[in-house]
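Participant: the following comprises the amino acid sequence and a computationally predicted model.
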Amino acid sequence: MPIEPTSELREARGSVGQPPESGLARELSALARQLQAEASIEAVLQRIVEAAVTEIDPADYAGISETNGQLCTRAATDQLARDIDRLQYEADDGPCVSSLREQATVRSNDLSAEGRWLRFAPAAAQLGVLSMLSVQLFVEGSNLGALNLYSASRDAFDEHHESTAMLLASHAAIAMKGSQVEHNLRSAIRSRDVIGQAKGILMERFRLSETQAFDMLVIASQRANRKLREVAEKLAATGELEA
């Protein structure tokens with residue numbers, strides 16, 4: 001769910017508009033150092049949801065939802081968290097969905113008596129989750145998903161818990177955005193390399209210049225109605241040029 005770019009510096013806010021407590025940043029600095037040592041984005045996100053249930057006492061479970069065309073659960077502490085997330089995705093309803101749409105922190109103190117999310121709330125309460133807190137994951141210009149916390153108790157979360165969740169969500173958002181940037185860079189490098197290989201094959205086979213070889217790839221791509229990278233990959237792998 002993309003958001004409109006803004007020139008203002010965005011800062012996470014709680015459900016009543018308060019910023020995170022400044023002291024929590026110092027308390028979580030050790031976690032930030034640990035996250036830098038993790039080898040993969042999956043390990044980072046898993047560490048964050050585990051830290052959420054450790055740092056936020058009422059949280060029995062935690063999960064991270066990612067929005068990339070459609071919602072999915074990227075990390076979770078328990079299967080129940082995944083099941084609750086799936087209920088929200090299927091109903092297109094719930095604190096996580098509202099957090100993403102409203103670009104805000106969303107909290108429910110009693111899902112069994114909740115007047116919002118009439119499709120989701122009764123089903124979640126039936127599974128044993130009565131309180132829920134969802135914090136949007138974002139970096140400037142990007143809406144990435146939400147950190148979701150679940151409790152079997154009513155009135156489980158307060159403003160202090162929201163502050164901790166917002167700081168954890170910031171770590172998750174930065175890690176997810178960094179992973180996206182790295183993936184895009186790697187894809188661009190791979191595309192450049194395979195197109196270079198394909199041009200080299202055409203230059204040698206037909207005694208063409210680099211520009212002529214590239215033009216031949218472009219024409220083949222247009223005639224075959226396939227991406228240039230795909231045409232180049234097939235040529236590099238099989239020696240055959242599309243169309």
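Facilitator: Received the coordinates, thanks. Residues are numbered from 1 along each chain as shown.

Participant: could you measure from residue 92 over to residue 125?
Facilitator: Going from residue 92 to residue 125 by C-beta to C-beta, to the nearest Å gives 18 Å. The C-beta positions use only the backbone N, C-alpha and C, and glycine is treated the same way.

Participant: tell me the domain ranges of the protein?
Facilitator: Domains of the chain are assigned by automatic domain parsing as 22-178, 185-238.

Participant: so of those domains, which one's packed in deepest?
Facilitator: Mean neighbour count (mean count of other C-beta atoms under 10 Å) peaks for domain 22-178 among these, with a mean of 19.

Participant: follow-up on the earlier one: got the domains of the chain as CSV, with mean pLDDT and distance to residue 15 columns?
Facilitator: Shown next, in CSV, are the domains of the chain (pLDDT from 0 to 100; distance: least, C-beta to C-beta, whole Å):
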stretch, mean pLDDT, distance to residue 15
domain 22-178, 85, 5
domain 185-238, 88, 37
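
Participant: what is the helix or strand hosting residue 97 packed up against?
Facilitator: Using DSSP states H and E, residue 97 falls within helix 95-102. Helix 95-102 sits against strand 61-67, strand 71-76, helix 79-91, strand 106-108, strand 131-139, strand 142-151, with contacts defined as 3 or more C-beta pairs under 8 Å, 6 or more residues apart in numbering; DSSP states H and E.

Participant: neighbouring contacts of that helix?
Facilitator: With contact meaning C-beta atoms under 8 Å, 6 or more residues apart in numbering, helix 95-102 is reached by 1, 65, 67, 71, 85, 88-89, 104-108, 116-117, 132-136, 143, 145-146, 148.

Participant: where exactly do the helices run in the protein?
Facilitator: 22-27, 29-36, 41-55, 79-91, 95-102, 121-126, 159-206, 210-224, 228-238 (DSSP state H).

Participant: next one: the last one to chain centre, how far?
Facilitator: Taking C-alpha atoms, centre = their mean, to the nearest Å, the mean C-alpha location of helix 228-238 is offset from the chain mean by 31 Å.

Participant: name the residues that touch that helix?
Facilitator: 191, 194-195, 197-199, 201-202, 217-218, 220-221, 224, 240-242.

Participant: so that helix versus helix 159-206, what angle?
Facilitator: 60 degrees (axes from the mean of the first three to the mean of the last three C-alpha atoms, to 10 degrees).

Participant: quick check: the residue of the chain most remote from its centre vs residue 213, distance?
Facilitator: Distance from the centre of the chain peaks at residue 207, with 47.1 Å (C-alpha atoms, centre = their mean). Going from residue 207 to residue 213 by C-beta to C-beta gives 10 Å.

Participant: so residue 52 makes contact with residue 149?
Facilitator: Yes: here residue 52 reaches residue 149: they are 6.0 Å apart, a contact under C-beta atoms under 8 Å.

Participant: which neighbours do the two share?
Facilitator: In contact with both residue 52 and residue 149: 59, 62, 165, using C-beta under 8 Å, 6+ apart.

Participant: contacts only, for residue 161.
Facilitator: By C-beta under 8 Å, 6+ apart, the contact list for residue 161 reads 56, 58, 59, 133, 149.

Participant: 10 Å - rerun?
Facilitator: Applying C-beta atoms under 10 Å, 6 or more residues apart in numbering to residue 161 gives the contacts 14, 52, 55, 56, 57, 58, 59, 107, 131, 133, 149, 151.
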